[in-house]
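# build me a structure from this.
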Amino acid sequence: MNLRQWFDLTFAPRANEEALEWAGNTYTFGEIDARSNRTARALLARGVAKGDRLCAYLANSIEMIDLYLACVKLGIIFVPVNILYRDREMSQIVTDAAPKLVVTADEAQALSAEAAELPGHSLPDSGMDGEDVAALVYTSGTTGVSKGAMLTHNNFAVNAANLIASWKIKAEDRFLLAPPLFHVHALGNGLHCWLFSGCRMRLLERFDHTTALGHFQDFQPTLFFGVPAMYVRLLDTPGDQARAIGRRMRLFVCGSAPLPAQTLEDFRAVFGHTILERYGMTETLMNVSNPYDGERRPGSVGLPLPGVVVKIVKADATEAAVDETGELWLKGPNVFPGYWQREDATKAAFVDGWFKTGDIGSRSADGYFTLSGRKSDLIISGGFNIYPREIEEFLMEQPEIAEAAVVAEQDRVRGEVPVAYIVWRDGAGDAGAMEARCREKLASFKIPRRFEAIEKLPRNALGKVQKHLLCRAS
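I've put the predicted structure just below:
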């Protein structure tokens, strides 16, 4: 089955049910279906057809949803682009994807006006199957030129089915979605879980901590997908209001960046909910998740999702034992077939059918996986391996520290040494006292060489710390 056929299982029987809240308006599933059909006809009128690429350079909006669904129905390959990208980054993606059409905010309005004049009844079958590419989602490119991950209809469908089953998402849920739709967090997980389950969703243009509380109080969601930075902001919610939100909520999910164990504990104390942390990638969608029923272990991303096989591989290419550290390799129907027009990169990413994630972690005796960081973030100091996340977790436990990130700095003697970038809660802190505290709890080679005060950590649109920018941000 292709995604259009899956979506029809919701659109047809739930045509008159309320589906989406956007910008103060409410739309039924029938209206969402008809809007995307009209958008599809507008694209056909412009000469965009099956197999063509369409770049969407848009913030969250109903027009973004219209475009994605229209592309799915016609077999057009959807290429979402980060709206924070500027000319250089945008040019690289456009050159690589060679889209037939690039839709910006102005173009989206023009396309919507054209679509409004067209019929919204059903479209002819485009002849797609589950192995056809539905989207090209470009990697962040923080360690090189970004690559287009080809995600198929089956990748998206399997992922949605897994999450709905594992997280018990039902039509009765009220889903508040704030992450950007140009990222797989909101596109691959959020949008597809909404359409597969038939729940009611309120889409926000972006997460704004000054208005988020109002959305929780007004919409009264039962389900929320967020990133760690959002949960840190939500901790500012007054206690009585946080408890009221917690009583109505069924599930808070976190991903796209590591969730500090301290944030999970603080959130549980304030909201009365244990955040469910999971682990995914652009190339694979979701891989591992803490259980809905069962222990949601602080600092761990949980257990493999159905159909996903994970192993830990050491530097010598042998499989790691329990609690040994190595790179996570994956197999499963969620794993992408490769990178767009990059046979070299695709070949380098796979070994005997296993996808090499580049993420470092370990597996406990009872099967829980814990991530230590990216392979590219590993610090080798005097022959010792240092995983920055271990130091970051300790620093985040300290009451004086709001945020922390640890990166490598070149050293003539040791090769590399760790340096900590600190956002102090009161704007200033005692680096000497913090170093002394680290010496009490951490091995000597893990002690940061310096503690650099910084106003805020550089983050991408999903809240992931951009460590490659840190040295120039201080």
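# show me the contacts for the residue nearest to residue 337 when sequence neighbours are not counted.
Sequence neighbours aside, residue 150 is the residue nearest to residue 337 in space, at 5.7 Å (criterion: Cβ to Cβ, 6 or more residues apart in numbering). C-beta here means a position set from N, CA and C on the backbone, and glycine is covered the same way. By Cβ atoms under 8 Å, 6 or more residues apart in numbering, the residues touching residue 150 are 133, 135, 136, 336, 337, 338, 339, 340.
# to which secondary structure element is residue 150 assigned?
For residue 150, the host element (DSSP states H and E) is strand 148-152.
# ok, then the element right after that strand?
Once the chain leaves strand 148-152, the next helix or strand it forms, by DSSP H and E, is helix 153-166.
# in that following helix, what's buried?
In terms of neighbour count (16 or more other Cβ atoms under 10 Å), helix 153-166 has its buried residues at 153-164, 166.
# and the residue nearest to residue 337, how far from residue 83?
To residue 83, residue 150 is 22 Å away according to Cβ to Cβ, to the nearest Å.
# please enumerate the strands of the stretch 51-200 of the chain.
53-56, 77-80, 101-103, 133-138, 148-152, 174-177, 200-203 (DSSP state E, counting those that start in this stretch).
# including mean pLDDT and distance to residue 45, could these go into JSON lines?
Formatted as JSON lines, the strands of the stretch 51-200 of the chain follow (pLDDT from 0 to 100; distance: least, Cβ to Cβ, whole Å):
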{"stretch": "strand 53-56", "mean pLDDT": "98", "distance to residue 45": "14"}
{"stretch": "strand 77-80", "mean pLDDT": "98", "distance to residue 45": "18"}
{"stretch": "strand 101-103", "mean pLDDT": "98", "distance to residue 45": "12"}
{"stretch": "strand 133-138", "mean pLDDT": "97", "distance to residue 45": "22"}
{"stretch": "strand 148-152", "mean pLDDT": "98", "distance to residue 45": "27"}
{"stretch": "strand 174-177", "mean pLDDT": "98", "distance to residue 45": "30"}
{"stretch": "strand 200-203", "mean pLDDT": "98", "distance to residue 45": "27"}
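# for the ones you listed, which one sits closest to residue 292?
strand 174-177 (15.4 Å; Cβ to Cβ).
# after the closest one, next one along is what?
helix 184.
# against which helices or strands is that following helix packed?
The contact analysis (3 or more Cβ pairs under 8 Å, 6 or more residues apart in numbering; DSSP states H and E) places helix 184 against no helix or strand.
# could you rerun that using 10 Å?
Under the contact definition 3 or more Cβ pairs under 10 Å, 6 or more residues apart in numbering; DSSP states H and E, helix 184 sits against helix 153-166.
# using PDB, list the CA coordinates for the helix it packs on.
Extracted in PDB, the C-alpha atoms of helix 153-166 (Å, rounded to 0.1, in the frame of the first residue of the first chain):
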ATOM      1  CA  HIS A 153       5.900   5.300   1.500                       C
ATOM      2  CA  ASN A 154       6.600   2.100   3.400                       C
ATOM      3  CA  ASN A 155       9.100   3.800   5.700                       C
ATOM      4  CA  PHE A 156       6.500   6.400   6.800                       C
ATOM      5  CA  ALA A 157       3.700   3.800   7.100                       C
ATOM      6  CA  VAL A 158       5.700   1.300   9.200                       C
ATOM      7  CA  ASN A 159       6.900   4.100  11.400                       C
ATOM      8  CA  ALA A 160       3.400   5.500  12.000                       C
ATOM      9  CA  ALA A 161       1.900   2.000  12.700                       C
ATOM     10  CA  ASN A 162       4.700   1.300  15.200                       C
ATOM     11  CA  LEU A 163       4.200   4.500  17.100                       C
ATOM     12  CA  ILE A 164       0.400   4.300  17.200                       C
ATOM     13  CA  ALA A 165       0.700   0.800  18.500                       C
ATOM     14  CA  SER A 166       3.600   1.400  20.900                       C
END
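# helices and strands around that helix, which ones?
Helix 153-166 packs on helix 3-11, strand 133-138, strand 148-152, helix 184, helix 192-197, strand 276-281, strand 285-289, going by 3+ Cβ pairs under 10 Å, 6+ apart.
# what mean pLDDT does the fifth one have?
Averaged across helix 192-197, the pLDDT comes to 98.
# can you give me how far that helix is from the chain middle?
Counting by Cα atoms, centre = their mean, to the nearest Å, helix 192-197 is centred 16 Å from the centre of its parent chain.
# hmm, who's touching that helix?
Under the criterion Cβ atoms under 10 Å, 6 or more residues apart in numbering, residues 3, 6-7, 9-11, 19-20, 29, 32, 65, 69, 72, 156-157, 159-164, 167-173, 175, 177, 184, 186, 199-201, 203, 223, 225, 253, 285 lie in contact with helix 192-197.
# quick one, strands of the stretch 251-400 of the chain?
251-254, 276-281, 285-289, 303-304, 309-313, 326-331, 338-339, 350-351, 354-363, 369-374, 379-381, 384-386.
# which parts of the fifth one are buried?
What that stands for is strand 309-313. In strand 309-313, counting by 16+ other Cβ under 10 Å, buried: 310, 312, 313.
# repeat for stretch 376-396
By neighbour count with 16+ other Cβ under 10 Å, stretch 376-396 contains the buried residues 377-379, 381, 386-396.
# end-to-end on it?
End-to-end span of stretch 376-396 (Cα to Cα, to the nearest Å): 22 Å.
# again with stretch 209-228
Terminal residues of stretch 209-228 are spaced 13 Å apart (Cα to Cα).
# quick check, distance from it to the centre of its chain.
Its chain's C-alpha centre and that of stretch 209-228 lie 17 Å apart, by Cα atoms, centre = their mean.
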